[in-house]
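J.: Build me a model from this:
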Amino acid sequence: MKTIKIEIEEYKDTSLIQVVYDLFCDNIELTDEENDELGEMSSKIFEYSEYLNAEIIIDENLNIIGGRIIPFKEDWKSWAPK
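T.: Have a look, this model is predicted:
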């Protein structure tokens with residue numbers, strides 16, 4: 001099966017911060033401090049919490065079969081939800 005990798009660079013969407021909250025805060029109440037930390041982490045994944053770099057892998061039938069979000073900073077995993 002043939003595949004192709006599509007790279008998306010600096011895609012802007014002001015709602016990307018919601019992606020972080022959906023990934024890390026499903027049904028979790030955050031303190032103000034934890035909320036601030038989550039905001040800091042989101043800026044490591046999404047530049048200014050708005051710009052996305054990603055790779056999407058599609059097959060010859062245009063099905064998405066893989067991909068990844070490319071964090072802007074190396075230490076993006078240094079913050080972890082409690």
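
J.: Scan the chain for its longest helix.
T.: Identified as the longest helix of the chain according to DSSP state H is helix 32-45.

J.: what's in contact with the lowest-mean-pLDDT helix or strand in the chain?
T.: The helix or strand of the chain with the poorest confidence is helix 16-24; it has a mean of 75 (mean pLDDT, DSSP states H and E). Applying Cβ atoms under 8 Å, 6 or more residues apart in numbering, the contact partners of helix 16-24 are Leu38, Gly39, Met41, Ser42, Ile45, Phe46, Ser49, Glu50, Tyr51, Leu52, Pro81. All C-beta atoms are positioned from the backbone trio N, CA, C, and that covers glycine.

J.: send the alpha carbons of it over as CSV?
T.: Extracted in CSV, the C-alpha atoms of helix 16-24 (Å, rounded to 0.1, in the frame of the first residue of the first chain):
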residue,chain,number,x,y,z
LEU,A,16,-5.7,24.7,20.0
ILE,A,17,-5.5,25.3,23.8
GLN,A,18,-8.8,23.4,23.9
VAL,A,19,-7.0,20.3,22.5
VAL,A,20,-4.6,20.4,25.4
TYR,A,21,-7.5,20.6,27.9
ASP,A,22,-9.3,17.8,26.2
LEU,A,23,-6.2,15.6,26.3
PHE,A,24,-5.1,16.3,29.9
